[in-house]
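Trainee: The following comprises the amino acid sequence and a computationally predicted model.
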Amino acid sequence: MSAPASSMPPPVVWSIAGSDSGGGAGLQADLKAFEAFGVHGCTAVAAITAQHSLRVCRSEPVAPDLLEAQLAALAEDLPPVAIKLGMLGSVDNVHCVARWVDRLRRERPLALVIDPVWRATTGAALAASALREACLDELLPRATIVTPNRAEAAWLLGMERLEAHEVPEAARELRAAGARAVAITGGDAREPGGDGLAADWIDTPQAQGWLTLPRVDTPHHHGTGCVFASSAAAALALGHCEADALVLAKLATTQALRRGYAAGRGAGPVRPGADFALVRGGLPTLHPDRPTWAPAGFAPLQPVCMGLYAIVERAEQVESVIRAGARAVQLRIKAPGGEGLRAEVRRAVAAARAADAQIFINDHWRMALEERAWGVHLGQEDLSAVAPQDLERLRRAGLRLGISTHSYWEVCRARAEGPSYIACGPIHATVTKKMPWRPQGEDNLAYWCHVLEESVVAIAGMDEERSRQAMRCGAAGVAVLRGLVQAERVGETVARLQAAINQGVWLPRRAPPARARPTLAGPCAARGDSWTEPLGTSPRSVER
């Protein structure tokens, strides 16, 4: 395992679960996932199974005093940032774990991820009704994330089975039972005449929707649920918020399925790897209404390389930056609509059309459509407020669409609409707009440029040198606002920025990190070290 950039040790994550003698699931799978994320995994054996790839032959919980001894030993020297729970085997062991979660949380923030194992994939029942009640009463109210598949969610809620249309309501019920976030995974759900998609419904403080990737059709899927839950726990330990942790869990599990292999005569184990988040075009989509993959996309940028993307606040400034040579401009007027706004939009569109420049209208999509602008730029809240049929109107009219993003789940939400470009920020701290996001830095920008097939625009805090480095990261464009609207000599400023951008295109490409850093404080973010904060920043809200 490679060491982190700082000298600090990796965060510690515990797995309290069953031991799989076949090496495919339980504690054995959890340790593989922890290794893929670069965290230090510790284990406490809660149950012992005698099993192979065809069936579970026997399962026994360990004595509560032995589980207690394991947890006490770990707490003395290796206190966790996150805990993943799997098969506990007995009500007494549930009581023991609940006491320890409370005890540990009195000392420091602690994330708890629950994989409610009740039946092995080979068919052996591993939980009784008393264990179910203990899970509902004692574990769910303490859970940061609970990750049942559909069968497990139905079991928790006392249902025979869970149909696709019932999944969102089931997640809401599990959150009402105390879980801070829920992911009902869809790997066990194959709909009649299915569309080849693996869709997980996530319900978190940050986002809700269908997290979707193409299904990996393989017989070797033993340990899938364990890897998903332990990956989520590792991501939380590294400082990610719940929604981002579930995106990373989805990525890690999908790659683990692709790398699964036969080890016996039955279902073989999945195999996580450290490069799981680096597959180009491999990020899932996140849609609030339906599972979707490869949506009908918006028209592409022309040319693909935008270069300087000038953001200004008045039509007069649009004319000024276009005269100075800018050929991609955004009119960003935050005032509500009216004839004054329409006059500004109309004037800006006319100026851009005369110069054969691309003009994007921020937020006011109806007016952009009516005045025949080149494109529209939407923030995440604005995107959520636009009805699907209206997005389709924009697409059919040939408008380009840009969407702002700040983290994994927002990128996945943007991808679900097939945008012309994805704006990633804030790359650097500025004072234009207060937000809860930490600056992403150039490492994250290089990461997004590597994994996204969509054009990436770098936004926030850009000057000449930062613009040069953004292009070195692979950005298709560099968005600049304050540096232009406050410039005394706009022509000179545009020329200097364009020169820096052109130089950056020819610099050696910056290598991406294995994963993007956290940008929104998660449940473990009070750790306050380099695992949870980009270098050179603090956990305070940044301004853009």
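Mentor: All right, it came through fine. Numbers count the residues shown, from 1 in each chain.

Trainee: what about stretch 200-210, how long is it end to end?
Mentor: Using Cα to Cα, to the nearest Å, one end of stretch 200-210 lies 6 Å from the other.

Trainee: any residues touching it, and which ones?
Mentor: With Cβ atoms under 8 Å, 6 or more residues apart in numbering as the test, stretch 200-210 has contacts from 145, 167-168, 171-172, 174-175, 180-186, 199, 211-212, 241-244, 246, 250, 285-292, 409-410, 413, 520. (Glycine included, C-beta is placed from N, CA and C.)

Trainee: Tell me where the model's unsure across the chain.
Mentor: 1-7, 118-128, 190-194, 337, 431-434, 485, 487, 525-544 (pLDDT under 70).

Trainee: Determine the longest strand present in it.
Mentor: Assignment by DSSP state E gives strand 40-51 as the longest strand of the chain.

Trainee: roughly how far is it from the heart of the chain?
Mentor: The offset between the C-alpha centroid of strand 40-51 and the centroid of the whole chain comes to 28 Å, using Cα atoms, centre = their mean, to the nearest Å.

Trainee: That strand pairs with which strands, parallel or anti?
Mentor: Partner strands for strand 40-51, per DSSP bridges, with pairing direction: strand 12-20 (parallel), strand 56-61 (antiparallel).

Trainee: What residues sit buried inside that strand?
Mentor: Neighbour-count burial for strand 40-51, counted by 16 or more other Cβ atoms under 10 Å, picks out 40, 41, 42, 43, 44, 45, 46, 47, 48, 49, 51.

Trainee: Using JSON lines, please lay out the strands paired with strand 40-51 together with mean neighbour count and distance to residue 470.
Mentor: JSON lines is the format used below for the strands paired with strand 40-51 (neighbours: other Cβ atoms under 10 Å; distance: least, Cβ to Cβ, whole Å):
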{"stretch": "strand 12-20", "mean neighbour count": "27", "distance to residue 470": "34"}
{"stretch": "strand 56-61", "mean neighbour count": "16", "distance to residue 470": "53"}
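
Trainee: Tell me which of these sits nearest to residue 99.
Mentor: Of all the strands paired with strand 40-51, strand 12-20 sits nearest to residue 99, with 12.4 Å by Cβ to Cβ.

Trainee: give me the number of residues near the residue lying closest to residue 497 once chain neighbours are set aside?
Mentor: Take residue 497 and drop its neighbours on the chain: the residue closest to it by Cβ to Cβ, 6 or more residues apart in numbering is residue 308, 5.2 Å away. Residue 308: 27 surrounding residues under other Cβ atoms under 10 Å.

Trainee: Please identify the pairing partners of the strand or helix carrying residue 308 and their relative orientation?
Mentor: For residue 308, the host element (DSSP states H and E) is strand 307-312. Here strand 307-312 has these sheet partners by DSSP bridges: strand 328-331 (parallel), strand 477-480 (parallel).

Trainee: nearest to residue 360, of those?
Mentor: Between residue 360 and the strands paired with strand 307-312, the shortest separation by Cβ to Cβ is 4.4 Å, and it involves strand 328-331.

Trainee: Go ahead and name everything in contact with that closest one.
Mentor: The set of residues external to strand 328-331 that reach it, using Cβ under 8 Å, 6+ apart, is 306-315, 318, 321-322, 344-345, 348, 352, 357-362, 377, 402, 477, 479.

Trainee: Dump the C-alpha coordinates for it into CSV.
Mentor: Extracted C-alpha coordinates of strand 328-331, given in CSV (Å, rounded to 0.1, in the frame of the first residue of the first chain):
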residue,chain,number,x,y,z
ALA,A,328,-16.7,31.6,-25.2
VAL,A,329,-18.7,33.9,-22.9
GLN,A,330,-21.3,33.4,-20.1
LEU,A,331,-23.8,36.0,-19.1
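
Trainee: Next SSE downstream of that strand?
Mentor: Where DSSP H and E defines the elements, the next helix or strand beyond strand 328-331 is helix 339-354.

Trainee: Can you point out the buried residues in that following helix?
Mentor: Residues of helix 339-354 classed as buried by neighbour count (16+ other Cβ under 10 Å): 341, 344, 345, 346, 347, 348, 349, 350, 351, 352.

Trainee: Nearest to residue 461 among the residues you listed?
Mentor: residue 348 (24.6 Å).

Trainee: That closest one and residue 311 touch, don't they?
Mentor: No - the pair residue 348 and residue 311 does not pass the contact test of Cβ atoms under 8 Å, sitting 12.0 Å apart.

Trainee: hey, where'd the strands end up in the stretch 51-200 of the chain?
Mentor: Per DSSP state E, counting those that start in this stretch, the stretch 51-200 of the chain has strands spanning 56-61, 82-85, 111-114, 145-146, 181-184, 197-203. These are given in chain order.

Trainee: helices or strands up against the shortest one?
Mentor: Applying 3 or more Cβ pairs under 8 Å, 6 or more residues apart in numbering; DSSP states H and E, one finds that strand 145-146 contacts strand 111-114, strand 181-184, helix 224-237, helix 242-258.

Trainee: Point out the most buried one among the ones you listed.
Mentor: Per residue and on average, the most neighbours among the helices and strands packed on strand 145-146 fall to helix 224-237, with a mean of 32 (mean count of other Cβ atoms under 10 Å).

Trainee: Next, the angle from it to helix 242-258.
Mentor: Calculated by axes from the mean of the first three to the mean of the last three Cα atoms, to 10 degrees, helix 224-237 forms an angle of 140 degrees with helix 242-258.
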